[in-house]
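Student: Give me a 3D structure for the following:
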Amino acid sequence: MFGDNPSPEYFCVVYYCSPITGSIIGPFKLIGDPSNQSNEVMTHSDLKNFTNISSMELVYFKIDEELLYIKLNNVEKVGFIFVNGVKEINRTLADYKEIVIDSRDLENSTFKLSYINNDTAKFQIKNSFLEFENDLPDLPSLTNLLLEIRSLPNISQINPYQVSFRFSPDFDIGSLKLNFQTLKSQLITILDSNDSNLIYPCDFIKDQYVGQNEKSTINFGLKFLPPIDGHVIDLSNKNIESISYTNAGNAFNIVINSKSTFPILVGYYVNVALLKGNISQTIPLSQFGRGESISVIDSKISGDLDTNYRPTDGVVRRLYDFSNNFITGTIDPSWCNAQLIIRNNKMSGEVPSCYSCYFNYPMQLVNNPDIKVFYDGFEGNNFTNLEQNLKCTTFAPQIDKDSETSLIISGTDIGFYGDKFLIQDTMICTTYQVIEFGKSYKCGIHPSFSFKDLNYIKINFKFPFDKDYYFSLINRVPMITSVTYSNNNLQINGSYFSSYLGHVPQTISLSTFTFDILNSSDFFSIQAISTFKVVPNPGFNLLTLKTNSKISRVFINMASLANDKLCKNNCTDDDHGVCNLYLGTCVCNNNYEGDDCSIPQFYITSVQPSTTNGGEAIFFGLYGYDLSNISLTISGIDCPITFNSSDTIKCIAPPGNGIKTVILKQNIKIFTGIGIYKYIELSIPCPNKCSNNGICNSTTGICKCKNGYTLYDCSALLNTDIGLGNNNNNNNNNGGTNTTIDPGTGSTNITDSQTNFQIYLKSLIEVDINNNEVKSYSLLKNWIFNKTENEIEPNKYILKQQLVNNTSTTSNGCIITSTIEEIKDKNGKEFTFAGTSFVVSSGSIKFTISIANYTYQSNLNTLKLELISSVDKIDKINNCNSKDTEIDTTNVNDISTFNYIKISKNKNIFSGRFINKVLSDGRSTFFTTSARNDSNSIIVSLNLPHCINECLIDPDFSVLLSNDFKSECGDDDSSRKWFLPVVVVVPVVGFALILIILLIIYKKSTTFKIILHATKLKKLKNNK
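Tutor: As a prediction, the model looks like this:
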């Protein structure tokens, strides 16, 4: 028992009782009288009956020394706190696992290491400065040693995990310099007594023990002198994880240019702290070395922070704590590559958003315990936005899948730690690699989880918002499942939208109207509003959503709230078709068909035929990716296939001649190309055998006329007095020719004083496989004039029109563009079309008409372009030139390379030539021409193939005066010394019909004009 008559008022008991046995178990704490009014002594026998406790602590007692040397049964941990009665320790202590002795009565006594029991792991003596002797015991169990000592012996033979020493006011400084290197512990703490005036040399740290495996953490609570040699103490080669000087003093620095700088250099990723020191400024930051955490607190720092922070020393993750100094200026945003604590300084301006977004983030700093949240790290300054709950508007995370078990998390203001990230509600980053601090990290999850089967992922970042964000892990277009429109507002539901406003570029348009996306939008829904009054188109309107370059489109009924009927297989994808969410049906793009637009269309667009001897023929078109069971016949004869791909078929054509029909089959798919195959003739006849006035080129079928003759068949006689060979244009003549262009009809009129020839596009007709009209478009109106002015092509004019009601999901409609070019080159200008070269003479006008992006009703349909060439008389006419209209279409036969037409009126001859090749989507192929006529005009039909993007055809026309044309009736023969041809060449671009008008001026002067509705566009210079 505790004495003979224990007084309960002198002590209290803290313990735990077993609910089963009722005996005292667990930690047992007995607290006595702090004033020590009782002289009673606590002995071993007083406590021997406490047999079920594992831990005992006696506080404010006078104890018998037996308690130190005789172990209480089952007790593993003892603490003798604020006790007295024992003046010295002189033998081995009891074999407790942990012993803590806090007593002033051991002051100046000698303590030997051998007094510590071999089984003791933790041993501490406090509040008494000891004469510490190392008598070289082997203490294999010792992991924690704390003593207050007068000198430091050599303790190299022991290696506890943690040692802590407090030095007495009269400590032997020499022993520190001599024996510090014998400390091998991973945690080393050396403190000075509170009343000490000692200042220690600092250089001994250079001799610190370098462990092979484990890094050391060292904490000095001593004041230090500067390095003896005035140089920085280089610890970069020491195996140190953390080193701190918590009471460094005014002298511990290196003076450079009158500035006190940081005195030590640590290695990569070391935490270094200097408190209560004397450092002049933070610039240059390199003075603090390569540490990962750098704290220079309460150390008289003044001046501004660096305005261009760059982590150039290879340390990607860094914290700076400059609290309790005199730093001025502002925080440059470049500091967002580091974590900054700047509490109690003199800074101003705004705290950058990379910090302010995390004001509520919890912090725990060893050297700055006042910092509880990040906000605390900026208090005590003059910042203008120091509000703890300041709204963050700049947080913008980005997620990329790095592997099946890792993510790359990057973005703007994403914070400095990822330990709060919660992935899929249950996973966290088990590994966390910094790529760019504050901006990019690699997050690894436990290998038992995987992103393999996830299309998108949910992440809660906790800070700055406790909110779930969803990110796509696959590359796919946004999925639209429903759309609601009301009063300029759009609500779009689906998935794979931008995770938040600004996550990825995202735009919305409805018909021709654009919408602004609202901040409430997320991965599954979009809210948007138009600032313009939206006027719906009749029927259905096309909504286009573009998310990070991926496009999704749907048709909706803007008057309905029920745009939520999904299409089969989502119409495959946006390249195949567009879903009508009101009807739940697909609108297939060109090249695809089927209820989900998954079936590729099947057609031929162009042919490279063989010669009449047979041989390789190449067919270009669209055949899909299933290349099996394909067969092709030419006029019913099999053409064995030698190669086929999704757009090309090669086969060996049988011998033959003329124009043939091609049939292409694959399983149930059939394409019939009527008259699309024309054998290449080895010898091509010329029209009318060149009228015996020229030489026939049997390769091209073109006549080369003898001198004095012209026209395609050399049937017209040139006047030889001046004619083409003389170009003497110094004589005046009032018989000039005007050329006018009517933008309303797109027609070209070539007029002299007696006759008007007219050329214009009449219509574009879509026909089916039986040549029946499916749809027709008039081309006689709706042209819009635009003139181009540029240094490269200054002589061009442009007319445009758009076909009404010819649009598709992949284009805004079929556009027809007519470009008018004046040929200024003295020697003419050479053009090449489908392998054929020709020259357009100087002074000519070339018309290029482009018809592009036509949308067919069926992949079996083709187009027919109709041109009209007509002639009218003018009231004032010289009777001597009067002659009825004659029309000749006998040379429209498709057998030769060219087809020809001719109209004669009042001794003027108008002729047209049509090359029987077309460039279909950039490739040359054959097409047929037909003509019909009435008394004053010819309608030429160009039967084009199934072009998808563009067809190019190339006819040309010419007008000339016959040899016996008289400018004035009654003139003698000597007055008819002039001759006028006007040439019009017509290539077609995009069905592009090119009209080239060549005017060769006769007599002294001819004025050539292009006029729009009686407004003169351009007057060519008089030919000299």
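
Student: Check which residues of stretch 257-266 are buried.
Tutor: Neighbour-count burial for stretch 257-266, counted by 16 or more other C-beta atoms under 10 Å, picks out 260-266. Placement of C-beta: from N, CA and C, glycine included.

Student: What is the distance between that stretch and the centre of its chain?
Tutor: Centroid separation between stretch 257-266 and its chain, computed with C-alpha atoms, centre = their mean, to the nearest Å, is 45 Å.

Student: So what would you say the end-to-end distance of that stretch is?
Tutor: End-to-end distance for stretch 257-266: 22 Å, by C-alpha to C-alpha, to the nearest Å.

Student: and what of stretch 576-588?
Tutor: First-to-last residue span, stretch 576-588, C-alpha to C-alpha: 6 Å.

Student: on that earlier part again, adding distance to residue 298 and pLDDT, write the buried residues of stretch 257-266 out as a markdown table.
Tutor: Formatted as a markdown table, the buried residues of stretch 257-266 follow (distance: C-beta to C-beta, whole Å; pLDDT from 0 to 100):
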| residue | distance to residue 298 | pLDDT |
| --- | --- | --- |
| 260 | 14 | 95 |
| 261 | 17 | 95 |
| 262 | 15 | 95 |
| 263 | 16 | 95 |
| 264 | 17 | 93 |
| 265 | 22 | 91 |
| 266 | 20 | 90 |
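
Student: Please flag which of these sit within helices.
Tutor: Among those, no member is found in helices (DSSP state H).

Student: Would you map the strands across the stretch 301-450 of the chain?
Tutor: For the stretch 301-450 of the chain, the strands defined by DSSP state E, counting those that start in this stretch cover 302-304, 319-321, 326-328, 339-341, 348-349, 382-383, 396-403, 406-412, 422-423, 431-436, 440-444.

Student: List just the one of those that sits closest to residue 568.
Tutor: strand 396-403 (29.9 Å; C-beta to C-beta).

Student: and the angle from that closest one to strand 431-436?
Tutor: Relative orientation of strand 396-403 and strand 431-436, computed by axes from the mean of the first three to the mean of the last three C-alpha atoms, to 10 degrees: 120 degrees.

Student: What's the local residue count around residue 149?
Tutor: Using other C-beta atoms under 10 Å, residue 149 has 21 neighbouring residues.

Student: residues touching it, list them.
Tutor: When contacts are counted by C-beta atoms under 8 Å, 6 or more residues apart in numbering, residue 149 is found next to 129-132, 165-168, 171.

Student: could you flag which of these are buried?
Tutor: Buried subset of the contacts of residue 149 (neighbour count, 16+ other C-beta under 10 Å): 129-130, 132, 165-168, 171.

Student: related to what we said a few turns ago, the strands of the stretch 301-450 of the chain: lowest mean pLDDT?
Tutor: Here the lowest mean pLDDT among these goes to strand 431-436, at a mean of 88.

Student: what helices or strands is that strand leaning on?
Tutor: If you count contacts as 3 or more C-beta pairs under 8 Å, 6 or more residues apart in numbering; DSSP states H and E, strand 431-436 packs onto strand 406-412, strand 440-444.

Student: which of the residues in that strand are buried?
Tutor: Under 16+ other C-beta under 10 Å, the buried positions of strand 431-436 are 432-434.

Student: Same check on stretch 180-200?
Tutor: 180-193, 196, 199-200.

Student: same deal with stretch 85-94?
Tutor: Buried, per 16+ other C-beta under 10 Å, within stretch 85-94: 85-86, 89, 92-94.

Student: How about stretch 322-330?
Tutor: So for stretch 322-330, counting by 16+ other C-beta under 10 Å, buried means 322-325, 327, 330.

Student: just stretch 59-70 next, same as before
Tutor: Going by neighbour count (16+ other C-beta under 10 Å), the buried part of stretch 59-70 is 59-65, 67-69.

Student: Residue 594: which of those is nearest?
Tutor: Among those, and counting by C-beta to C-beta, the member closest to residue 594 is residue 59, at 88.2 Å.

Student: so what's that closest one bridging to?
Tutor: For residue 59, the beta-bridge partners are residue 31, residue 81 (DSSP bridges).

Student: Hmm, residue 82 and it touching each other?
Tutor: Yes: with contact defined as C-beta atoms under 8 Å, residue 59 counts as touching residue 82 (5.9 Å).

Student: Could I get the full set of strands for the stretch 551-700 of the chain?
Tutor: Using DSSP E, counting those that start in this stretch, the strands of the stretch 551-700 of the chain run over residues 577-580, 585-588, 592-593, 599-600, 603-608, 615-622, 630-634, 637-638, 641-644, 648-653, 659-666, 669-678, 694-697.

Student: TSV for the ones you listed, including distance to residue 445, mean pLDDT and mean neighbour count?
Tutor: What follows is the strands of the stretch 551-700 of the chain, written out as TSV (distance: least, C-beta to C-beta, whole Å; pLDDT from 0 to 100; neighbours: other C-beta atoms under 10 Å):
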stretch	distance to residue 445	mean pLDDT	mean neighbour count
strand 577-580	36	94	25
strand 585-588	40	92	21
strand 592-593	41	84	20
strand 599-600	42	84	18
strand 603-608	51	90	22
strand 615-622	46	93	20
strand 630-634	50	95	19
strand 637-638	61	96	12
strand 641-644	48	94	13
strand 648-653	48	96	19
strand 659-666	49	92	18
strand 669-678	49	89	19
strand 694-697	77	92	17
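
Student: what stretches of the stretch 101-250 of the chain score poorly on pLDDT?
Tutor: 211-213 (pLDDT under 70).

Student: ok, now the stretch 851-1000 of the chain?
Tutor: Along the stretch 851-1000 of the chain, the model assigns pLDDT under 70 to residues 873-885, 894-895, 897, 904-911, 913, 955-1000.

Student: thinking again about what came up before, please identify which two of the buried residues of stretch 85-94 are farthest apart in space.
Tutor: The largest separation in those, counting by C-beta to C-beta, is between 85 and 92 at 19.3 Å.

Student: Closest one of the buried residues of stretch 257-266 to residue 386?
Tutor: Distance to residue 386, by C-beta to C-beta, is smallest for residue 262 among the buried residues of stretch 257-266, at 28.5 Å.

Student: Am I right that the closest one is in contact with residue 278?
Tutor: No: using C-beta under 8 Å, residue 262 makes no contact with residue 278, being 10.6 Å away.

Student: between those two, what contacts are shared?
Tutor: Taking C-beta under 8 Å, 6+ apart as the contact rule, residue 262 and residue 278 both touch residue 253.

Student: Do a quick rundown of the helices in the stretch 51-200 of the chain.
Tutor: For the stretch 51-200 of the chain, the helices defined by DSSP state H, counting those that start in this stretch occupy 66-69, 173-179.
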